[in-house]
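In: Whatever this is, show me its structure:
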Amino acid sequence: MRIVAACIAFSLLAGCGGGSEDGGGASSPAAPGTTTVVTSQVIGPSGGTLTVTDASSPIAGTQVVIPAGALSGATTITIGQVSGAGGVPADALVAELGPSGLQFATPVSITVRYSPQYLANNGISDPATLKVVAMHAGVANETLRTASQSTAQRTVTAQVTRFSRVAVLGYTSATLSGSYAFNFYIMESRFGSPGAIGIEIPATPFAGTFEVPFPGYAFASELGAITFNGAGNYSWSAIRNNGGTPTRVSGSGTYTVSPSGALALDIGPAGNVLAGGSTFILTSTSGPVVEMGVGVKIGGAYGNASLSGTYGVAHYYSNATAGPLRTIALDVPSTPHNETVAVPFPVQAFTTELWSATFDGAGNYTWSGTRNIAGVSGPAAGGGTYSVAGDGSLSLDTGLTGHLQTGGGSFVLAAASGQPIEIGVGLKKGGTFSNASLGGPYAVTLYYSDPAAVPDETIDIGIPGTPFSGSFAVPFPSAAFNTEQRTMTFNGAGAYTWSGTRNRGGVTSPVSGSGTYDVAADGVLSTNDGLAGNVLSGGSTFLLSSTSGQALSIGLGMLR
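Out: Numbers count the residues shown, from 1 in each chain. All right, here's what the predicted structure looks like:
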């Protein structure tokens, strides 16, 4: 796995998801375990509070606070303890808030208990890393933002808009367990052979221009599946599209999830995972392989109806066929002649798009958004057909393929063959948002190309005499490609700070900054540095893309 090809292939493994992923038709059997109702109370439109007060109960202190207007009529609210629940460590306390699936008009505050044994058994020393995780049948686990926490009472408080089973969970190797779909976008200048500029000069004096070939050999996307065993081991397989040529790749290895949620693979890529295990992100923080990937939890039965509603979708792609090619100019008055020539960056070949795409659940979709080609932005729109196979594999009529997360809350896309080389991520839209929808620390991974950050590469051209025929290798502009692994902290009121690590063409450095953000009522996210995207309902996950400017970016952030 340490060889370049294998390392690159796997580094494309990544997961995405989390948040309120209640959008699809993926089904699953009834959740395992037995629920024993501990307390109940009839609560009506004026609101009320239900608390487990029996000190002998393991879930004592678990509480539901329902504000006025959240219920339209009198409802019997219950809190139960679940024994033998699946999908969580055996020592985690699981409560069931009932009636399960009950929807509220406004958010409801829930306080959930955890045990000291859970912390001790799983090596969790910092309770501040704990998160409330909601477990809905047929949907990937939802990681909830913490509203408050009491270490004395061993409780964490969050908000929900729908009842389900809930548990307080930290980060362990068991956070990643089961099958995930992933995509990757990779820049690896050691892939293939560099292009060359062919030069023919019949006689001097001579003046002419020569096309610079696009370095398609250095770019790849991957789409595949990875299975984690919950105990530190994984296996994976994928299709890698390198410069338009697909090949099958696979491997296995080990992984770790730290108590802070940091994810590391034995082959180098690192990132983070949501506490509920629904999504992970990976990127390269050092070395010449500049890449990022997203992974989403999969499972259950799917169909076209599993993809229904409106999604925010971010794309990043390179297209070797995009033209016209850049050129260099030579002016040779006489020979012998030596000249140092700047090689222009192929800006025309890189594009980002940010869509709002609506799927009708029956195989058709429409989309509109902004396309940014080399810093030139404009509106774009279209439509087409899609299909979702029984295993959740997604195909668009454009040639992109991918996979739906369990429940349809998010999806990943990639170009499995041909040009362009592309990845995409979609998050379901819906809910009511404000700047307060983003609060606290988030792990963020970004991939971007920025030709303005470095000078053009150069080549030395020597012509001893004419007639002359020769070729000159084109240097690869590695320094124009970057990944960043950030921690971004949002204050809930429109400001953020961040710090992290940048890998610019294999050169690692610490970076930091601050700025302002805005979350519109429909969940559209914008930042002062030109990035825009969407926030998933519940605020656990957001995507980013560059809708203007020559630094073309795609990124994903998720709650820490």
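
In: which residues in this structure form helices?
Out: Along the chain, the segments classed as helices by DSSP state H run 4-11, 116-121.

In: Which of those helices has the lowest mean pLDDT?
Out: Ranked by mean pLDDT, those bottom out at helix 4-11, which scores a mean of 38.

In: beta partners of the nearest residue to residue 379 once chain neighbours are set aside?
Out: What sits nearest to residue 379 in space, not counting adjacent residues and going by CB to CB, 6 or more residues apart in numbering, is residue 370, at 6.4 Å. In short, each C-beta sits where N, CA and C put it, glycine included. With DSSP bridges as the criterion, residue 370 is bridged to residue 354, residue 379.

In: Walking through the stretch 51-200 of the chain, point out its strands one by one.
Out: Taking DSSP state E, counting those that start in this stretch to define them, one finds strands in the stretch 51-200 of the chain at 63-66, 75-83, 94-98, 103-113, 131-135, 142-143, 146-150, 155-162, 165-169, 177-187, 196-201.

In: Tell me, how many residues neighbour the residue nearest to residue 379?
Out: Residues near residue 370, counting by other CB atoms under 10 Å, number 17.

In: before we move on, what about the one 10 residues further on?
Out: Using other CB under 10 Å as the criterion, residue 380 is surrounded by 16 other residues.

In: just the one 3 residues further on next, same as before
Out: Using other CB under 10 Å, residue 383 has 12 other residues around it.

In: Also residue 273?
Out: Using other CB under 10 Å, residue 273 has 30 neighbouring residues.

In: Quickly note the distance from it to residue 291.
Out: Using CB to CB, to the nearest Å, we find residue 273 at a distance of 18 Å from residue 291.

In: do residue 243 as well
Out: From residue 243 to residue 291 the distance is 15 Å (CB to CB).

In: thinking again about what came up before, so which of the strands of the stretch 51-200 of the chain comes closest to residue 316?
Out: Set against residue 316 and scored by CB to CB, the strands of the stretch 51-200 of the chain come closest in strand 177-187, at 6.1 Å.

In: mind listing what the residue nearest to residue 379 touches?
Out: 353-354, 377-380, 532, 547-548 (CB atoms under 8 Å, 6 or more residues apart in numbering).

In: out of those residues, who's nearest residue 45?
Out: residue 532 (38.4 Å).

In: okay, that closest one: pLDDT?
Out: pLDDT for residue 532: 97.

In: Surely it touches residue 547?
Out: Yes: applying CB atoms under 8 Å, one finds residue 532 in contact with residue 547, separated by 4.8 Å.

In: that older thread, any idea how far the residue nearest to residue 379 lies from residue 446?
Out: 18 Å.

In: Also residue 166?
Out: On the measure of CB to CB, residue 166 and residue 446 end up 32 Å apart.

In: Which one of the two is surrounded by more residues?
Out: Just comparing residue 166 and residue 446: by other CB under 10 Å the higher neighbour count belongs to residue 166, 26 against 23.

In: Who are the contact partners of that one?
Out: When contacts are counted by CB under 8 Å, 6+ apart, residue 166 touches 94-97, 110, 112, 132-135, 160.

In: Any stretches of the protein with poor pLDDT?
Out: For the chain, the stretches flagged by pLDDT under 70 are 1-31.

In: Try it again at 50.
Out: By pLDDT under 50, the low-scoring segments of the chain are 1-30.
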